[in-house]
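>>> Give me coordinates for this.
(one chain, ligands or ions: 1)
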Amino acid sequence: MYLATLEPGDRILSLELSHGGHLSHGHPANFTGQRYEIEQYHVDAETGYIDYAELDEKAARFDPDMVVSGSSAYPRHIDYERIQAAADATDALHLADVAHTTGLIAAGEHPSPVGVADFVTGSTQKTIRAGRGGIIMCREEWADDIDTAVFPGAQGGPLMHNIAGKAVGFGEALEPAFEAYAADVVRNAEVLADRFREHGLSLVSGGTDKHLVLVDLRESHPDVTGADAQDALEQAGIILNKNTVPGETRSPFVASGIRVGTPALTTRGFGSEAIETVADAIVRVLDSPEADATFETVAGEVRTLCEQFPVYDDSDDLNGDDD
Ligand SMILES: Cc1ncc(COP(=O)(O)O)c(C=O)c1O
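Now for the predicted structure:
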């Protein structure tokens, strides 16, 4: 995408990493931060929602060649029309990187930037549950440049088995059951957010509109870092990641938040009650992050839940053979 549309030294305006953005949107550790000049917009410190007024003001002042929307840890809907207007006002291209939300968008659970932004990129293995990879959508006029930037510009031979995996996942996403799945993903995230709030946890933006919840641990658990929480929860059988939060005060290697998602649990069939059990278990571990006994008890509960909601139902015959 970047190779096809920008020259070294061109300007990108994007959401800052600790405010929910992504490394590939201009972080100095990524080629985008090394090759292009970067300015960043933020979420509002009070509300946790994207500060669109700041974005407009920065677009006018910085005069970017590209404005990037899309996020890695922003729990709210994104106003793509508003960001397109900011890009149009300064004659910039607009890339909507919807990596996380491809499936939610396909199912109508999240606003779509398709037909709004100049380019839409997304992951094929996250909320859309297909083989691992990426999608680039653009208008016809850009198609040849994008194709050439992909091959020979950046990529080697295609992985045919993974193309088959993508086809199967996309086929599943066309079924009506996928819309129900995506709606459940969002509902489960709302249940998770409600339960966390009942336990007194502080959530970035106060809640969620999509598949993830971002917990800022600094108020409720000032001595527990995101890294501590991630490690303790892993010992208890719960996998999530540490995450920086807006106004981060720790190194990103330690971080002050955790990011919790619902797509995988929803795939296993977890409903509201099971999600509340998961939220309760997470909080028990956060309350005693050095207590091995708590980890063991929680790990036992996690095993029971996983047995109750297996990845594959034993009664399914994967060969399609009834014998
Ligand atoms: C906004 C954004 N862009 C790009 C990526 C990279 O996607 P992938 O993991 O599919 O390589 C991510 C990953 O989380 C992301 O959140």
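>>> What are the buried residues along the lengthiest helix in the chain?
The longest helix of the chain (DSSP state H) is helix 176-198. Of the residues in helix 176-198, 178-179, 181-182, 184-196 count as buried by neighbour count, 16 or more other Cβ atoms under 10 Å. Where you see a C-beta, it was placed from the backbone N, CA and C, and this is true even at glycine.
>>> Also stretch 288-308?
Pro289, Thr294, Phe295, Val298, Ala299, Glu301, Val302, Leu305.
>>> what do you get for stretch 112-123?
Those would be Ser112, Pro113, Val116, Ala117, Asp118, Phe119, Val120, Thr121, Gly122, Ser123, for stretch 112-123 by 16+ other Cβ under 10 Å.
>>> Verify the stated contact: Arg82 with Tyr49.
No - using Cβ atoms under 8 Å, Arg82 is not in contact with Tyr49, being 11.6 Å away.
>>> Point out the residues in this protein that sit beside the ligand.
Proximity of the chain to the ligand, by Cβ under 6 Å from any ligand atom, involves residues His22, Ser24, Gly70, Ser71, Ser72, Asp97, Ala99, His100, Ser123, Gly134.
>>> which residues does the last one bridge with?
The bridge-partner assignment for Gly134, based on DSSP bridges, gives Ser123.
>>> Who are the contact partners of it?
Thr121, Gly122, Ser123, Thr124 (Cβ atoms under 8 Å, 6 or more residues apart in numbering).
>>> Show me the shaky parts of the chain.
314-323 (pLDDT under 70).
>>> As a check, name the ranges of all helices in it.
Counting by DSSP H, the helices of the chain are 2-5, 31-35, 52-62, 80-89, 102-106, 140-150, 160-173, 176-198, 226-235, 263-268, 272-287, 292-308.
>>> Between Arg82 and Tyr49, point out the one with more neighbours.
Neighbour totals were compared for Arg82 and Tyr49, and Tyr49 leads with 17 against 14 (other Cβ atoms under 10 Å).
>>> if I pick the more buried one, what's in contact with it?
Val43, Arg76, Ser205.
>>> what's around the last one, how many residues?
The one in question is Ser205. 20.
>>> Go ahead and confirm it touches Arg76.
Yes - with contact defined as Cβ under 8 Å, Ser205 reaches Arg76; the gap is 5.3 Å.
>>> Name the residues contacting each of the two.
Gly48, Tyr49.
>>> before we move on, back to that, check the residues of the chain next to the ligand and tell me the two furthest apart.
Farthest-apart pair in those is Ser71 and Gly134; separation 16.1 Å (Cβ to Cβ).
>>> neighbours around the spatially closest residue to Ser205 that is not a sequence neighbour, how many?
Computed as Cβ to Cβ, 6 or more residues apart in numbering, the closest residue to Ser205 that is not its neighbour in sequence is Gly48, at 3.2 Å. A count of nearby residues for Gly48, using other Cβ under 10 Å, gives 24.
>>> which residues does Gly48 contact?
By Cβ under 8 Å, 6+ apart, the neighbours of Gly48 are Pro75, Arg76, Val204, Ser205, Gly206, Pro246.
>>> Let me see the contact set for the first one.
For Pro75, the set of contacting residues under the criterion of Cβ under 8 Å, 6+ apart consists of 20, 48, 189, 203-205, 207-210, 212-214.
>>> quick one: Ala92 from the ligand, how far?
18 Å (Cβ to the nearest ligand atom, to the nearest Å).
>>> Tell me which residues touch that residue, please.
Leu13, Ala59, Asp63, Pro64, Asp65, Met66, Val67.
>>> Now tabulate those in CSV and tack on distance to Gly165.
CSV is the format used below for the contacts of Ala92 (distance: Cβ to Cβ, whole Å):
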residue, distance to Gly165
Leu13, 35
Ala59, 39
Asp63, 42
Pro64, 36
Asp65, 35
Met66, 31
Val67, 32
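>>> Which of these has the largest number of neighbours?
Within these, neighbour counts (other Cβ under 10 Å) peak at Val67, which reaches 30 neighbours.
>>> separation between that one and Ile135?
Noted for Val67: a distance of 20 Å to Ile135, by Cβ to Cβ, to the nearest Å.
>>> now Asp184
From Asp184 to Ile135 the distance is 23 Å (Cβ to Cβ).
>>> quick check, nearest of the contacts of Gly134 to the ligand?
Distance to the ligand across the contacts of Gly134 (Cβ to the nearest ligand atom) is lowest for Ser123, with 3.3 Å.
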